[in-house]
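**Student:** here's my sequence, what's the structure:
(one chain, ligands or ions: 1)
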Amino acid sequence: MTDFSTLQLHTDPRGVATLWLNRPDKHNAFNAEMIEELIQALRQVAADDSLRFLVLRGQGRHFCAGADLAWMQASAQLDYASNLRDAHQLGELMSLLYHLPCPTLAVVQGAAFGGAVGLTACCDIAIGASEASFSLSEVRIGLVPAVISPYVVQAIGERATRRYALSAERFSGERARELGLLAECYPAAELEGEVEQWIANLLLNSPQAMRESKALLHGVGSGVLSDALRQRTESVIAGIRVSEEGQEGLAAFLQKRPSAWQAQP
Ligand SMILES: C/C(=C\C(=O)SCCNC(=O)CCNC(=O)[C@H](O)C(C)(C)COP(=O)(O)OP(=O)(O)OC[C@H]1O[C@@H](n2cnc3c(N)ncnc32)[C@H](O)[C@@H]1OP(=O)(O)O)CC(=O)O
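**Tutor:** Residues are numbered from 1 along each chain as shown. Below is the predicted model of the structure:
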């Protein structure tokens, strides 16, 4: 794996990839360099079929303070085409994270502001500290929650997004759980233990079936059940049950034994 200056990417022998945002002195705010490195890291993870899922985390007190505001300010020196290129990179980052072939788990402690709400929304599952603080703070500083909006609307609905995007109110991890942005929240002191529980639980599942489920659910979420999507749902289930992992999972259940992909006790 590549060395990054704003990130740490670890993979372990179980097939768990952990991607740490690593600018703790800037509360992991992302600038052009970090966005570029995130894109690179996500492409590496996407290309590695041996990885079972990705955990996205932030080093230090906060998960991520969104876009680096000093970098945003300096963009006034750039022409429109350069600003558009930056925005395109940010859009590419969100899209890559959302469409990553393997499942993603975000772990949020401290603050998740602006674009960090987008990162959280792009992950399949997000957990966090009850004391965490979220905000779609863009309008408070004269910006717009633009690139992240579709993902946030998909995660918490249009009505709640309108409220938080227009008010820039802060909301807690507990509230984020009520909204559906977090799957669960825990007292900060218990978060690490809970992350391990989530990882252990995901490791019980068939890697291939999780990838297929994710791809399918993305299609379903994008609208009504079209003929093409219906055919896809049918061909996925028809294919997966005769696949190696499908057959192994069925056999393991019927034989009351762990399946090949589950760690032996
Ligand atoms: C992606 C898109 C838009 C965006 O993301 S816009 C950015 C939205 N982000 C914010 O509004 C966060 C602003 N920061 C804060 O509100 C707070 O810093 C915090 C994250 C709640 C943490 O508060 P805390 O009290 O713990 O820390 P300090 O405020 O004292 O910060 C220490 C230090 O860090 C600097 N800093 C904080 N956030 C940023 C940032 N985002 N960029 C650059 N620098 C940041 C802060 O200024 C302090 O600096 P000092 O020099 O140490 O004073 C577009 C789209 O949505 O599409």
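**Student:** in terms of helices and strands, where is residue 119?
**Tutor:** Assignment of secondary structure by DSSP states H and E places residue 119 within helix 115-122.
**Student:** who's in contact with that helix?
**Tutor:** 28, 30, 56, 63-67, 90, 94, 97-98, 104, 106, 108, 112, 126, 128, 134-136, 145, 147-148, 151-152, 154-156, 176, 181-182 (Cβ atoms under 8 Å, 6 or more residues apart in numbering). The C-beta positions use only the backbone N, C-alpha and C, and glycine is treated the same way.
**Student:** same for the ligand: which of these are within range?
**Tutor:** Among these, the residues that sit close to the ligand (Cβ under 6 Å from any ligand atom) are 65, 66, 67, 145, 147, 148.
**Student:** JSON lines please, covering the residues you listed and showing distance to residue 162 and pLDDT.
**Tutor:** Converted to JSON lines, those look like this (distance: Cβ to Cβ, whole Å; pLDDT from 0 to 100):
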{"residue": "65", "distance to residue 162": "23", "pLDDT": "97"}
{"residue": "66", "distance to residue 162": "19", "pLDDT": "96"}
{"residue": "67", "distance to residue 162": "21", "pLDDT": "95"}
{"residue": "145", "distance to residue 162": "11", "pLDDT": "93"}
{"residue": "147", "distance to residue 162": "17", "pLDDT": "90"}
{"residue": "148", "distance to residue 162": "14", "pLDDT": "93"}
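**Student:** how close does the closest residue to residue 118 other than its chain neighbours sit to residue 91?
**Tutor:** Once flanking residues are discounted, residue 118 sits nearest to residue 148: 2.7 Å by Cβ to Cβ, 6 or more residues apart in numbering. Distance, residue 148 to residue 91, by Cβ to Cβ, to the nearest Å: 9 Å.
**Student:** just give me the neighbour total for residue 204.
**Tutor:** 11 (other Cβ atoms under 10 Å).
**Student:** over to the one 3 residues further on?
**Tutor:** Residues near residue 207, counting by other Cβ under 10 Å, number 19.
**Student:** quick revisit: nearest to residue 247 among the ones next to the ligand among the contacts of helix 115-122?
**Tutor:** Using Cβ to Cβ, residue 148 is the member of these that sits closest to residue 247, with 40.6 Å.
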